[in-house]
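# got a predicted structure here, sequence first:
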Amino acid sequence: MIAGPALMLLIVLELVRRRRLREDYSLLWLITFGVLVVLSLFRNSLLEMISGVMGIAYPPTALFVIGFGLMLLVMIQFSVVITRLTRENKEAAQHIALLSTRVRELERKHESESENKA
Amino acid sequence: MSTHVIATFDEKEPDFAAHQRLLVIIPAYNEEDSLGRVIRNVQTALPQADILVVNDGSVDATPEIADGYCVRVASLPYNLGIGSAMQTGFMFARDYYYDVAVQVDGDGQHDPVEISELVSPLIQGTADVVIGSRYIEDRGYITPKLRRLGILILSGIISLLVGQKMTDPTSGFRAMNRRAIYFCSSDYPFDYPEPESVVTLKRAGLCIAEVPVTMNPRYGGQSSITPLHSGYYMVKVIMSIFIGLLRQRPEAVREVQIVHEHPTS
């Protein structure tokens, strides 16, 4: 039960080390797997207690519920990041459009000026 | 490269309603069937206006058709949606110091002859935004029943929220002054922007007026609002409006300086 989240924790750390994953986007993953590792380590004390508080008869179920909740948080973070990227992407596209309009305008002006000189 | 040369602003006769500089923004997404006709109609109705076609990532001949006319074209590298396309037009109007910006859809539904009626409340200073409404007077525009119902629901909600009777908040046939141009260039919904922007503009302290207009059946292309999308349209628009109300009221638009010089001239 502990090997899974521990391995995932190492994978995330390795991705960050190789700069394949940014620190800020890795944080929630590290928390998720860290919590799962800790709960698996202390399944007879901590997990028992938490599942008791949550009213869950079978303690490993509490592990799933907590893991699921943390994953939802990661997914909300994804949506927030996607929204920001969409906005930045839109703004970049708008600037490209306005700049190319301006470049064409200046080109035309330049052309007509050099024609006048000739 | 087209060979015609667009007159720069300083060469133009500033005779339009006491030196008001007018930009007609035509958002166009795959409007090759109708765009040429729309541009010609605008040029005939308002020879003194500048025209900006915002090509919203069209995959047909829309940009080539626009290039064949004496208009400016802003081509977005990919499709962003009508709201972001219009916002690009407002940014252009802001950057080039236009006094008035008018939206005329590229599908031919709006009659450019009526632009002057939209603009006159702005010139008189009685409104910051003027919306052309199909439903103030019955001018024979036939709306499908279900769509009419949707528009009535939106009109009701929006009229209540802004404390003013709004008969056609979905209309894209609009004119804006510099205050409104400024606001919309920084804050405009990305898709289905019309109903939501009525609420945000009003909250920003801008004055909105409606004038009756006649809308034509579209020349070509397809409505962006298919039956499948109508449900999403209603949900998105109503949700956006109500969540928008939870936001801090936008800062009142400060009086913007009116400059008649072209920045590059």
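Okay, I see it. Predicted model only: the values in this text are computed from it and were never measured. Residues are numbered from 1 along each chain as shown, chains lettered A, B, ... in the order given.
# what are the boundaries of the helices in the chain?
With no chain named, the answer covers chain A. A:3-17, A:23-41, A:48-54, A:59-117 (DSSP state H).
# wait, I meant chain B there
B:35-45, B:62-67, B:82-95, B:115-124, B:145-162, B:178-186, B:193-203, B:227-246.
# any bit of the longest one sitting next to chain A?
No. Helix B:227-246 lies out of reach of chain A by CB under 8 Å from any CB of the partner chain, never closer than 13.2 Å. Heads up, the C-betas are built off the backbone N, CA and C, glycines and all.
# now that helix against helix B:145-162, angle please.
0 degrees (axes from the mean of the first three to the mean of the last three CA atoms, to 10 degrees).
# can you check what angle separates helix B:227-246 from helix B:193-203?
Between helix B:227-246 and helix B:193-203, the angle comes out at 10 degrees (the same axes, to 10 degrees).
# can you give me the buried ones in helix B:227-246?
Buried positions in helix B:227-246, judged by neighbour count with 16 or more other CB atoms under 10 Å in any protein chain shown: B:233-234, B:236-238, B:240-241, B:244.
# can you add pLDDT and give those residues back as CSV?
As requested, the buried residues of helix B:227-246 are exported to CSV (pLDDT from 0 to 100):
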residue, pLDDT
B:Y233, 88
B:M234, 90
B:K236, 91
B:V237, 92
B:I238, 93
B:S240, 92
B:I241, 93
B:G244, 90
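# check which residues of stretch A:19-33 are buried.
A:21, A:28-29, A:32-33.
# quick one, phi psi at the closest residue to chain A within the stretch 101-250 of chain B?
Closest contact between the stretch 101-250 of chain B and chain A, by CB to the nearest CB, is at B:F190 (6.8 Å). Per-residue torsions, B:F190: phi -80, psi -30 (degrees, to the nearest 10).
# and if you look at B:P169?
phi -70, psi -10.
# just checking, it touches B:T200?
No. The criterion here is CB atoms under 8 Å, and B:P169 misses it with B:T200 at 11.8 Å.
# that older thread, would you turn the helices of chain A into TSV with distance to B:G125 and mean pLDDT?
Shown next, in TSV, are those (distance: least, CB to CB, whole Å; pLDDT from 0 to 100):
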stretch	distance to B:G125	mean pLDDT
helix A:3-17	59	93
helix A:23-41	49	93
helix A:48-54	64	91
helix A:59-117	29	93
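# out of the ones you listed, flag the one nearest chain B.
helix A:59-117 (4.3 Å).
# per-residue pLDDT of the residue of the stretch 101-250 of chain B closest to chain A, please?
On the pLDDT scale, B:F190 is placed at 88.
# mind checking which of B:P169 and B:T200 has more residues around it?
Comparing B:P169 with B:T200 by other CB atoms under 10 Å in any protein chain shown, the one with more neighbours is B:P169, at 25 against 22.
# so what's the more buried one up against?
B:131, B:151, B:154-155, B:158, B:194-195, B:198 (CB atoms under 8 Å, 6 or more residues apart in numbering or on different chains).
# residues of chain A that sit close to chain B?
Counting by CB under 8 Å from any CB, chain A sits next to chain B at A:90, A:93-94, A:96-98, A:100-102, A:104-109, A:111-112.
# repeat the analysis, applying 7 Å as the threshold.
When proximity is defined as CB under 7 Å from any CB of the partner chain, chain A approaches chain B at A:90, A:93-94, A:96-98, A:100-101, A:105-106, A:108-109, A:112.
# got any ranges where the stretch 101-250 of chain B has weak pLDDT?
Scanning the stretch 101-250 of chain B for pLDDT under 70 picks out B:219-225.
# swap the cut-off to 80 and go again
Counting by pLDDT under 80, the ranges of the stretch 101-250 of chain B that qualify are B:138-142, B:217-228, B:250.
# interface residues of it facing chain A?
Residues of the stretch 101-250 of chain B lying near chain A (CB under 7 Å from any CB): B:F190.
# tell me how far the ends of stretch B:24-33 are from each other?
End-to-end distance for stretch B:24-33, by CA to CA, to the nearest Å: 19 Å.
# avg pLDDT for it?
95.
# tell me if that stretch is near chain A.
No. Applying CB under 7 Å from any CB, one finds stretch B:24-33 separated from chain A by no less than 11.7 Å.
# make a markdown table out of the residues of chain A next to chain B and add neighbour count.
Putting the residues of chain A next to chain B into a markdown table (neighbours: other CB atoms under 10 Å in any protein chain shown) gives the following:
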| residue | neighbour count |
| --- | --- |
| A:K90 | 19 |
| A:A93 | 21 |
| A:Q94 | 23 |
| A:I96 | 16 |
| A:A97 | 26 |
| A:L98 | 19 |
| A:S100 | 15 |
| A:T101 | 21 |
| A:E105 | 16 |
| A:L106 | 11 |
| A:R108 | 17 |
| A:K109 | 15 |
| A:S112 | 14 |
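# widest-spaced pair of these?
A:K90 and A:S112 (33.6 Å; CB to CB).
# still on that earlier bit, dump the buried residues of helix B:227-246 into a markdown table; add distance to A:P59 as well.
Compiled in a markdown table, the buried residues of helix B:227-246 are given as follows (distance: CB to CB, whole Å):
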| residue | distance to A:P59 |
| --- | --- |
| B:Y233 | 48 |
| B:M234 | 46 |
| B:K236 | 43 |
| B:V237 | 47 |
| B:I238 | 44 |
| B:S240 | 44 |
| B:I241 | 46 |
| B:G244 | 45 |
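# and which of these is nearest to A:A3?
Looking across these and measuring by CB to CB, the closest to A:A3 is B:K236, at 44.9 Å.
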